[in-house]
Structure formats: structure tokens, C-alpha cells
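1. Next input, structure requested:
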Amino acid sequence: MPPDPSLAQLLVEVGTEEIPAGFLARALDELRTMVPAALAEARLAHGAVEVWGTPRRIAVAVAELADRQPDLSERVVGPPVAAAFDKSGAPTRAALGFAEKNGLAVDQLERAEVPGKKGEYLVGTRREPGKPAREVLPDLIANLLARIPWPKSMRWGRPDVAFVRPVHWLVALYGGEVVPVSFAGVQAGRTSYGHRFLAPGPIELDGSAAGYLDALREAFVIVEPDRRRTAIAAELARVEGETGARVRPDEALIDEVTFLVEYPVAVCGSFSREFLDTPEEVIVSAMRSHQRYFAMQRPDGALDSRFVTIAGTITADPAVVQHGNERVLAARLADAQFFFREDRKVPLDRFAERLSGVVFQKDLGTIGDKVARVRALAGWLAEALGEDAAVASRAAELCKADLVTSMVGEFPDLQGVMGRHYARLSGEPDAVCLAIEEHYLPRGAGGALPQSGPGAVVAIADRLDTLVGCFGVGLAPSGSADPYGLRRAALGVLAILLDRSWSVGLGELVGRALAQLEGVKLQPAGGKARGGKGAARAAGPDPRQQVAEQVLEFFRTRLRGMLADQSDLAADCVDAALAAGFEDVPDARARAAALSRLRARADFEPLAAAFKRVANILKGESPAGAPDPAVFVEGEERALWGSFSEIQARVADRLEGGDYAGALQILAELKAPVDRFFDKVLVMDKDERVRQNRLALLGRINATFTRIADFRQLAV
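-> Below you'll find the model as predicted:
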């Protein structure tokens, strides 16, 4: 079938100075959403959207882009009729403004009821003829480029434009013809440029995506990140074949290097084996974090004295690049070796003493103060969980000591790792050394978790102290700002509790952490004392209680997000489970899982609706006492009480054993008697005694339900 002549390709490329790798990867992800959204808003139908990028360019290709917008006929709702006309019937400013905004006269507007709203509203039909794509695209492209969300932007010759880096060229072609768009003072054309060194000359483009990719490949530019990543992997494999050593797996570094080069070429280098007496994490950090080199290892897994770097160009003499990289790395490793030798002259205990001179936060004292709080909290938590309290306490006492070492001062990413090494060299037990390193885990979302009990205990204690302390002095996160990493800290606590199935209550954890803040003036957000100097302090909420409530709500929100993101848990089942209690984190997850499995039943909706009806009629109240069977009037209420009494013991056994799925299966037997009860029995009887007895019956049943979930939260 021949191509539709009304559909053509759009190709846009913006050429810049080098964009930071992290900025570029994020921008391309954003554009994959932004471009289709912008085209949809412009009413331009299209086919596949491709987004590519290198450090010097961002490119977008849109297939089968319609040549014009369809005509628009849109029903628009204006102000209520009561506000649209005055007492004399003349249109008010609200009516006139609505009509003008939509290109209508007031007499073209109708009065109509609008679903979901009360009363009559002014309603009109806004019509707008479709425009050719060539008229729409200039503004669309310019606005799209201006809206790319960069973490930081620059201003250069044109102070009215900010972009991640100065723009050098702009390509905009639709159907092979130039789109007359201007951005950052650069007028669009059809000229792109190849590799800065290997093919720096201009490249005239025909406007097709395939032609664009081919032309740039010939100019030593691989525009597609996926293809560039594959090329990097192939280059690493080539070096492995040539050397017999293996590149240490490092997917994150490959991802980063992918956005650092336009044409990857691997170069192998080496360093003196005398540096191998330094902990290998130090060597890898010096290569990886500072130079973006890939570490290599021998067949037995031991670190090799060779490395691989990905150059962004082909060089006439690779040995020159190799020797340059080796000189830079040798200097870094010599510094690291010196720091290691100097640090190990001092016992870790001595470094720990220096923490009393390092401020953690001005209102929360020094890191030494923090360590004392963490040590006390870790000791209590270890005893409560049956872990080794002596190991946890000692690890907590030393967990921050490496922060004042020369090595961590130079290589901050090695905090915890160097603590483990220096603890071992100071003669600490292996369990203490491991817990020191593990207390930093997880380092991010989805990261590795502590594998030892004491390590997990200290990790929780450290994060809790930070959370409770920061909330206590009014440093709760605001918007996207979270300088103390409190969201990450809360997620770490929850991940560890779930991973180890520890059922210690969050409320008790927060209370214990608060108890360690003696001497700290608590002033949570919204909890500042009222009254000026010399005035009696007005009675206000207890700041300790405020902090506890804020931290627990912070945990609840994070837990809700964690569980709702799990594919096997339905979002409303998570909400229902957490509404019944969330402080026992593994238990909350188990209840959400049981409820989600119940959802798979064919009769789930009517079953959940029956349970929900019981909860709704009680309106959150829990009548005290048991119903009196002697007061029952109707057979249906006697039957419901009998059915519940018969299953109550079986349900209690399941609940006691944490078998929530089993408990729900048994409770499902109540559906029929509950339905008959509501069909035949008037709960809110005029007789007070009968009414209260029926509410007590439902209250007993609902109290059993709510040990698992609040069924009012279910979307049925």
C-alpha cells in the first residue's frame, strides 16, 4: 500500500555544547512523554515517536504526522446561570467573558444542567477550524524545547532564553521541508554536524529518520542510546578477548558512559600492582567515580591491575590515550594508598571520639550526639527482636567513625565500606565490622538490604534518629526539597522491616527514638510556641505528640506507595488494609495481600459490598458490648448472630496465626446472612433498645472485619 500523502515525517534536532550525562538521560525520558502529549494537545495525529540523544544533540522523529488539524467542535461549560445574569436579565461580566473567550456571542449560549453539578449553567459549542500542520509546528517545536525540565539551565548571548547548554544548530524538517522555527536565537535548517573530531563538517539531511541515522553513523555519531550502549558492551568484550581478563559487571556505569560519548572506543590500561594492597573498593572507586573507568578482574574474581576506559573518538595512537589515563589514575591511587596507610595508624575508636566536634545539625547537636542516640536505640531494638544487642550497640558506636578519616574525606562513596575495613584492622569482631558497613543499606530505592540482624538493627536506628530528629526541629520535607533524605530514610526502614518480617510497631519505634531526644528543643512544623517574650505560653498541642503523629503519617504515606507499586497488590486493597492499621508493617502487607487474593474470587464485588455495608452503617463507630439474643425480634438477625457465633472461633484462630486469607474465606460465609439481614431488618428501629442491639450485632461483626481491613476503602 503506498504511503498516505497527507502523512509525513517530522525530524527535529537541537545541537548543543556537551550536555551532562545525567541531565541528558532524564531529558530523553521526559521527551518520550512530552512529545506525544504536545501533539495530542495540538490535535495532530501521528505514528511512532522516537527520541534519541548524544552529549551534543537531542533528536525527535515523528512518523506519519498528519498534515493538518481536524476541525474542533467542543462543548464548553461556563458560569452558573445565577451568576451569568443580573436581576434585570442582562449578562454579567462572567457571561460576557466566557462568551468572548470561546469566540461566541451571549445569545449563542444555552442554559443546561451539567452532570455532577447542581443547577443550570451556561453552555456553548466552541468551533475552531483546523490549521495546517506547517502553521502549528513552529510554535509547538519552540515551546517543546523551552519546556524540557533541566535540573540546571544556562543563559548565554540571549538573556531571555535558558537551556541546558548553548545551542549551536537547529534542524526542523517536516515532509523533507524546513519548518520555520527559531529557538535560542538559532534559525532551523536542514544542516546537522557529525563527530566533533572525526567528521566535524556539515551534513545536509533529507528529513527522513532512516536517512538521519545513516548520515550520522557515517559521520561517526551513534544517535540511538540503545545502539550506543550495545557498542560499548561490544568494545568491552573486545578488550576481554584481547587481555584474557574480565570486565567487572557494572550496568550503572555502562548507562552513564552511554551518555558521555557519541562514538565509543575502548582503551585498555594498567596500574602498578603495588596499589593492590589498598582495599579493592578504594581502587574501584578511584577508577569508577572519578574517572569513569571499568575495573577488570582475573578469572578467580580477584581485582586485576588493568582497567578499560571508553574514549569518545578514534585516535591515531591509542597508546597516547592509554598512557594519559594511566598517569591520571596512578596519581589518584597514590593519594588513596597514602590515606589508607595514614588512617590505619589510628584505631577506629579514636576516630569515633572526633565525632563530637562535627556538627550533624545545629538543633540536633554533633554526629557524636547522634551516635549516642543511635547506640541506645539499636541496643533496645536488638533486644526486642532477639538479635545480638552487644554487636548492634558496638556497631552503632563505631558506625560513623570513618566519616572523619582521610579516605572517606576524599572518597565519600566509601563511607561504611572503610568503616568495615578499619574496624577489622582495629580488631573488632567480624559481625561488628559487617554491621558497620551494612547500616548504610539500602543506599537507594531497590538497593541491597542488610543481610545481618545487627546491621539491619543499626540501619533502622540510624534512619529513625534522623527522621524523628528532623521532624522534631521542623525540617520535614517540603515539595521536592528533602535535603536530609528523609523520604529515602523512611523507605529504607520500611524495606528492612518487610524484608526481615520484623513486626515491631512503628509507633513504638518512633516513641523510643523521641525518648532519645532529651535536651533537644522540639519545635515541629506548625508547632511553634505562641506568645512573645515575658508572656505566658499559650496552651498548645504537645510537640512530642505532634512529632510522633507527623512521622507516623510520613511512614504511612511511604508504605502506601511501596505496597501500591507491587503488582500483586490492588491499590484499594492496600488502602483498606492500611486503614485498619499500618504500624506492624509486615502484617499490613500480609493483610493487603490476602484482600488482593480475595479480589480474584468471582463473587468478590457482592461479597465486599456486603462487608462494606456493615461498616458504612456504623459510620466508624464501634458499639460497646455484645448483642443480647433475647432482644432480637426478626429471624434474620438471629440467623446472622448464629452464623457469626459459629464461625467466630475459627476466624479468631486464623487471625491469631496471621492467616488472613483463611480468615477472609471463612468470613465470606457471612455474605448470605448479611444480605438477608439488610433485606429484611430495619437497623435503625424506633425502639432504642432494639436499635442499639442491632448496632451491637453489626459492631461485633465489623470489629472482626476491621482486624483485616476497613472495607469502606474498597472500590466496589
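2. From here on, just use CA atoms for contacts and neighbour counts.
-> Fine.
3. surely residue 559 meets residue 494?
-> Yes - counting by C-alpha atoms under 8 Å, residue 494 is a contact partner of residue 559 at 6.9 Å.
4. Check the gap between the nearest residue to residue 70 once chain neighbours are set aside and residue 9 for me.
-> Leaving aside its chain neighbours, residue 70 sits nearest to residue 130 (4.9 Å; criterion: C-alpha to C-alpha, 6 or more residues apart in numbering). According to C-alpha to C-alpha, to the nearest Å, residue 130 and residue 9 sit 19 Å apart.
5. Look at these two and report which has more neighbours.
-> More crowded of residue 130 and residue 9, by other C-alpha atoms under 10 Å: residue 9, with 21 against 15.
6. Can you classify the nearest residue to that one once chain neighbours are set aside by secondary structure?
-> Nearest non-adjacent residue to residue 9, counting by C-alpha to C-alpha, 6+ apart: residue 63, 4.7 Å away. Assigned state for residue 63: strand (three-state reduction, DSSP: H, G, I helix; E, B strand; the rest coil).
7. number of nearby residues for residue 63?
-> Count around residue 63 with other C-alpha under 10 Å applied: 19.
8. and what of residue 328?
-> Neighbours of residue 328 using other C-alpha under 10 Å come to 12.
9. Assign a three-state SS to it, would you?
-> helix.
10. Quick check: it vs residue 335, distance?
-> Per C-alpha to C-alpha, residue 328 is found 11 Å from residue 335.
11. and what of residue 153?
-> Going from residue 153 to residue 335 by C-alpha to C-alpha gives 34 Å.
12. Equivalent analysis for residue 458, please.
-> From residue 458 to residue 335 the distance is 31 Å (C-alpha to C-alpha).
13. Show me how the chain divides into domains.
-> With domains defined by automatic domain parsing, the chain comprises 7-69+133-218, 72-126, 225-342, 349-528+541-564, 590-713.
14. Out of the ones you listed, which is the most enclosed?
-> domain 349-528+541-564 (a mean of 20; mean count of other C-alpha atoms under 10 Å).
15. thinking in terms of the whole chain, how far from its middle is that domain?
-> Remark: domain 349-528+541-564 is offset 20 Å from the chain centroid, using C-alpha atoms, centre = their mean, to the nearest Å.
16. so where's the stretch 251-400 of the chain shaky on pLDDT?
-> Residues of the stretch 251-400 of the chain meeting the criterion pLDDT under 70: none.
17. For it, which segments count as helices?
-> Along the stretch 251-400 of the chain, counting by DSSP state H, counting those that start in this stretch, helices occupy 251-258, 280-291, 318-343, 348-353, 367-385, 389-398.
18. what about the fourth one, distance to the chain center?
-> On the basis of C-alpha atoms, centre = their mean, helix 348-353 sits 36 Å off its chain's mean C-alpha point.
19. same for that helix, what does it pack against?
-> Contacts defined by 3 or more C-alpha pairs under 8 Å, 6 or more residues apart in numbering; DSSP states H and E place helix 348-353 against helix 389-398, helix 417-425.
20. residues making contact with that helix?
-> Outside helix 348-353, the residues that touch it by C-alpha atoms under 8 Å, 6 or more residues apart in numbering are 368, 397, 398, 400, 401, 402, 404, 405, 419, 422, 423, 426.
21. and the first one, what does it touch?
-> Neighbouring residues of residue 368 by C-alpha under 8 Å, 6+ apart: 352, 353, 354, 355, 356, 357, 358.
22. go with 10 Å
-> 352-360, 374, 397, 400-401 (C-alpha atoms under 10 Å, 6 or more residues apart in numbering).
23. Dump those into JSON lines; add distance to residue 225 as well.
-> Putting the contacts of residue 368 into JSON lines (distance: C-alpha to C-alpha, whole Å) gives the following:
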{"residue": "352", "distance to residue 225": "46"}
{"residue": "353", "distance to residue 225": "49"}
{"residue": "354", "distance to residue 225": "47"}
{"residue": "355", "distance to residue 225": "45"}
{"residue": "356", "distance to residue 225": "48"}
{"residue": "357", "distance to residue 225": "47"}
{"residue": "358", "distance to residue 225": "44"}
{"residue": "359", "distance to residue 225": "43"}
{"residue": "360", "distance to residue 225": "41"}
{"residue": "374", "distance to residue 225": "45"}
{"residue": "397", "distance to residue 225": "46"}
{"residue": "400", "distance to residue 225": "40"}
{"residue": "401", "distance to residue 225": "42"}
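24. Quick check: which of the domains of the chain is nearest to residue 577?
-> Nearest to residue 577, of all those, is domain 590-713, at 4.3 Å by C-alpha to C-alpha.
25. Figure out the length between the terminal residues of that closest one.
-> Length of domain 590-713, first residue to last, C-alpha to C-alpha: 17 Å.
26. So for that domain, mean pLDDT?
-> In this model, domain 590-713 has an average pLDDT of 90.
27. now it, how far from the centre of its chain.
-> How far domain 590-713 lies from its chain's middle: 38 Å, per C-alpha atoms, centre = their mean.
28. any low-confidence regions in the stretch 51-200 of the chain?
-> For the stretch 51-200 of the chain, no range has pLDDT under 70.
29. how about 90 then?
-> 72-75, 82, 84, 87-89, 101-104, 106-107, 110, 112-119, 125-129, 156-161 (pLDDT under 90).
30. Could I get the full set of helices for it?
-> Taking DSSP H, counting those that start in this stretch as the test, the helices found in the stretch 51-200 of the chain are 81-84, 93-101, 133-146.
31. same thing with the stretch 551-700 of the chain?
-> 571-579, 585-598, 604-618, 635-656, 660-667, 671-680, 688-705.
32. could those go into JSON lines alongside distance to residue 105?
-> Putting the helices of the stretch 551-700 of the chain into JSON lines (distance: least, C-alpha to C-alpha, whole Å) gives the following:
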{"stretch": "helix 571-579", "distance to residue 105": "46"}
{"stretch": "helix 585-598", "distance to residue 105": "54"}
{"stretch": "helix 604-618", "distance to residue 105": "49"}
{"stretch": "helix 635-656", "distance to residue 105": "63"}
{"stretch": "helix 660-667", "distance to residue 105": "61"}
{"stretch": "helix 671-680", "distance to residue 105": "54"}
{"stretch": "helix 688-705", "distance to residue 105": "58"}
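33. For residue 484, find the nearest of those.
-> helix 585-598 (23.4 Å).
34. Fine by me, we can end here.
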